[in-house]
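Participant: got a sequence here, can you build the structure:
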Amino acid sequence: MPCVCALLADMTATTCPCLENLEYLSLDFAGQTQIELEAKWAPQTPAFLTARKLARVKLLDTPLASLFLPWAQLTDLDMRPFHTSAAQSFDALRQCTAAVRICVATGCWSANESAPSAPHLLPHLEQLYLTFTDETCPPGDAENENMAPLLRGLTLPALKDLKLYTIGYGWPEQIHSDFIDFLRRAPHIATLKFYTDFDAVALRDILAVTPSLRELTLNSCSNAMGDPVIEYLTYDPNDIQAPSVPQLRILQIDHVSSGWNIDPTKLQAMIESRWSGYLQGLTEDKRTQVSPWEKVVLRTRQRARETLWLPFCARVAELKHFGLDISIS
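Facilitator: Have a look, this model is predicted:
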């Protein structure tokens, strides 16, 4: 079978085809050699610009510098570029003004690279799955952990589903501030999934600017679920202030490492405060201020076997018996 590079080379100059019926494009350069992937060698073809119906694109290990795509008409983009700078990845993203779903892995910028002067609007984007990764500047290199240009560079008013993967990279104050501003420009987020090294105070700040949140998932976020978050999510019907994140229905925590310093008594109080069995005993005006849990999943590995957690585990068994979809392992 001809390699991807060879196929693209056959689509240049006078051999450029008209791809008028092409709706889905998948390019995978994973099997190409290092020499073939050099930007100077990779063929540049205008063929895909003839694909007026092209809406879905998947790019794996693909050097973006050699591609000419009708970014503005794409509705679904899955992109894991290779030998591509963060600036090149962002230049492609900002053009995807019709996109509804984007899944992208991108490198970080160097510390001295600045953000766009004004954010670019992607008015239809509802799902964004964002992974920061960089083969040339691995996690731990503080000079190359700059995520600000992307966070400052996009406005996503229709965004509902956000997944952010930054495990191994830091979460300095400036990045946190930029992320909070990013969320403020996306007021309809209903689902958040994190693989990120921030603490409980940072997560509380995030929850404070996502009032429409319905589902929260924390994977390997060892410091994120602490007292500041637990207390923030505990519903007190006697508090004159409006409850926090009132539409939250699904909470999933997968804590794979040791050191989960959580008071199980406070965690239990938080869970029970949003349990339908408790809410049903309140007056209607108090009961309807928060949504009852639909699902609670706690994966804590060895913590569930420690003596301190035994009463909590027993209560989980009772809540499950009473109909709550809850589990701890």
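Participant: so Y232: helix, strand or coil?
Facilitator: Classification of Y232 by DSSP: H, G, I helix; E, B strand; the rest coil places it in helix.
Participant: how many neighbours does the closest residue to A99 other than its chain neighbours have?
Facilitator: Nearest non-adjacent residue to A99, counting by CB to CB, 6 or more residues apart in numbering: L125, 5.3 Å away. Where you see a C-beta, it was placed from the backbone N, CA and C, and this is true even at glycine. Number of residues near L125 (other CB atoms under 10 Å) recorded here: 26.
Participant: next, the contact list for L125, please.
Facilitator: Counting by CB atoms under 8 Å, 6 or more residues apart in numbering, L125 touches 96, 99-102, 156, 158-159.
Participant: what residues are up against F322?
Facilitator: G277.
Participant: where does pLDDT dip in the stretch 1-150 of the chain?
Facilitator: The model of the stretch 1-150 of the chain has pLDDT under 70 over residues 1-16, 31-44, 82, 115, 134-144.
Participant: apply 90 and report the result again.
Facilitator: Applying pLDDT under 90 to the stretch 1-150 of the chain picks out residues 1-22, 25-51, 60-69, 80-89, 106-118, 132-149.
Participant: ok, which stretches of it are strands?
Facilitator: 24-28, 56-62, 76-81, 101-106, 120-121, 127-132 (DSSP state E, counting those that start in this stretch).
Participant: same list, these, but as a markdown table with mean neighbour count and distance to Q247 please.
Facilitator: Output for these, formatted as a markdown table (neighbours: other CB atoms under 10 Å; distance: least, CB to CB, whole Å):
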| stretch | mean neighbour count | distance to Q247 |
| --- | --- | --- |
| strand 24-28 | 14 | 35 |
| strand 56-62 | 19 | 31 |
| strand 76-81 | 20 | 27 |
| strand 101-106 | 20 | 22 |
| strand 120-121 | 15 | 26 |
| strand 127-132 | 18 | 18 |
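Participant: to H255, which of those lies closest?
Facilitator: strand 127-132 (20.4 Å; CB to CB).
Participant: relative to the closest one, what are the paired strands and their orientations?
Facilitator: strand 101-106 (parallel), strand 161-165 (parallel) (DSSP bridges).
Participant: contact partners of the first one?
Facilitator: Contacting residues not belonging to strand 101-106 are listed as 75-81, 86, 89-90, 93, 96, 125-133, 150 [CB under 8 Å, 6+ apart].
Participant: next up, the contacts around the residue nearest to N146 when sequence neighbours are not counted.
Facilitator: Spatial nearest neighbour of N146, excluding adjacent residues (CB to CB, 6+ apart): W109 at 4.1 Å. In this structure, W109 makes contact with 86-87, 144, 146-149, judged by CB under 8 Å, 6+ apart.
Participant: how near is W109 to T300?
Facilitator: Note on W109: its distance to T300, by CB to CB, to the nearest Å, is 36 Å.
Participant: what ranges do the helices span in the protein?
Facilitator: Along the chain, the segments classed as helices by DSSP state H run 4-9, 86-94, 148-153, 173-184, 200-208, 227-233, 264-273, 276-279, 284-287, 310-321.
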